[in-house]
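Q: give me a 3D structure for the following:
(one chain, ligands or ions: 1)
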Amino acid sequence: MMTCAHPLCSSIVRKGIVGLTGALMIVFVLGHMTGNLLIFLPPEAINSYAEFLHEAGHGALIWLSRLGLLTIFAVHIGLTISLKYENKKARPIAYATHQPLASNWASRHMLLTGLVVMLFVVYHLLHFTAGVTDHSADWRRPIGGPGRPHLLDVHSMVVNGFQNPYIASFYIVCQIVLGMHLWHGGSSLFQSLGINRGFWKRITAWAGPVVAVVVVVGNCSIPIAIQARFIQCHADIEMKKAEIDSKNGKLPRLWSPANGGSASASQPH
Ligand code: HEM
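A: Residues are numbered from 1 along each chain as shown. Below you'll find the predicted structure:
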């Protein structure tokens, strides 16, 4: 393998970039979770929030964020794997008795938990963004009429997705694995960035566990509340009406004069 003498290739700089990209992803995960928790409010809240995300900057903001996230994700994973590879190369024979100091299961299995989170994100994008893993995305239909073309029924999509106990359980397990990754990563990123001396040491040691618990509790509360029927799908009645309408040969009314107009929209499959 070729060695790189450029200062940017030094392991300290690469570790710093891993820490920085990790911090940016934590900001995304916390922001995404806060938005998702709007599901506990009436459906209009999360639907309008998703509409705002899709419309901001004439649709440019969401594509810029997607591109940014993808780059951050790729750099974080690529550099972590390269650092791990170099560590292994530097010590090809393992310690006879390996008893790491100040380590725990989470810190020793960062690569494994990181890979599980990566696979989860791939599934998650296929589930809610591409809508190809089950029928929940069929519920993500336009409900705003011509005046609000980007107002989609995200609330019904998420509720229908998590009404499936296997999908709900899978998400819960993945959030716990994400929590393990954040438990260690959320603190060690400060060390990678050189912010863990004196007064900061105690604060940064708590940062990872706090972020992990907040993310696991916040994200798991959604599938749990849906499985417990605490959050229900508001669109059942509308769907039934649409089904009856289409059986009677009428165009389904996915939005009504009461919510702003009288046009019909296409029916979910
Ligand atoms: C229970 C937890 C979660 C729920 C309910 C949830 C919900 C959603 C929904 C509904 C969307 C589609 C939004 C839309 O297209 O309007 C979405 C997209 C996305 N989620 Fe999550 N999410 C959860 C956890 C996570 C986690 C833990 C991550 C990352 C580690 C994540 C990363 C993403 C990404 C990258 C997108 C794509 C955004 C886009 O470009 O459209 N989500 N999520």
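Q: please make it C-alpha for all contacts and neighbour counts, starting now.
A: Will do.
Q: thought residue 61 was touching residue 52?
A: No. Residue 61 is beyond contact range of residue 52, at 10.1 Å (criterion: C-alpha atoms under 8 Å).
Q: can you tell me the SS state at residue 133?
A: What DSSP: H, G, I helix; E, B strand; the rest coil gives for residue 133 is coil.
Q: find the nearest non-adjacent residue to it, please.
A: The shortest distance from residue 133 to any non-neighbouring residue, by C-alpha to C-alpha, 6 or more residues apart in numbering, is to residue 127 (5.2 Å).
Q: my guess is the one you found contacts residue 138, does it?
A: No. Look at residue 127 against residue 138 with C-alpha under 8 Å: they stay out of range, at 11.0 Å.
Q: so those two - more neighbours on which side?
A: Legend: neighbour count by other C-alpha atoms under 10 Å for residue 127 and residue 138, higher for residue 127 (19 against 16).
Q: can you say which helix or strand has residue 67 in it?
A: Here residue 67, judged by DSSP states H and E, is contained in helix 60-90.
Q: what number of residues lie near the residue of the chain found nearest the ligand?
A: Residue of the chain nearest the ligand, by C-alpha to the nearest ligand atom: residue 219 (4.2 Å). Other residues within reach of residue 219, judged by other C-alpha under 10 Å, total 22.
Q: ok, residue 200 next?
A: By the measure other C-alpha under 10 Å, the count of residues near residue 200 is 11.
Q: can you tell me the SS state at it?
A: Using three-state DSSP, the structure places residue 200 in helix.
Q: any idea how far residue 216 is from it?
A: Distance, residue 200 to residue 216, by C-alpha to C-alpha, to the nearest Å: 25 Å.
Q: next one: residue 50
A: Distance from residue 50 to residue 216, by C-alpha to C-alpha: 22 Å.
Q: against residue 50, how distant is residue 57?
A: Residue 57 is 14 Å from residue 50, by C-alpha to C-alpha.
Q: and for residue 58?
A: On the measure of C-alpha to C-alpha, residue 58 and residue 50 end up 14 Å apart.
Q: so between the two, which is more surrounded?
A: residue 50 (19 against 10).
Q: thinking the residue of the chain closest to the ligand is in contact with residue 34, fair?
A: No. When contacts are counted by C-alpha under 8 Å, residue 219 is not listed as touching residue 34 (9.0 Å).
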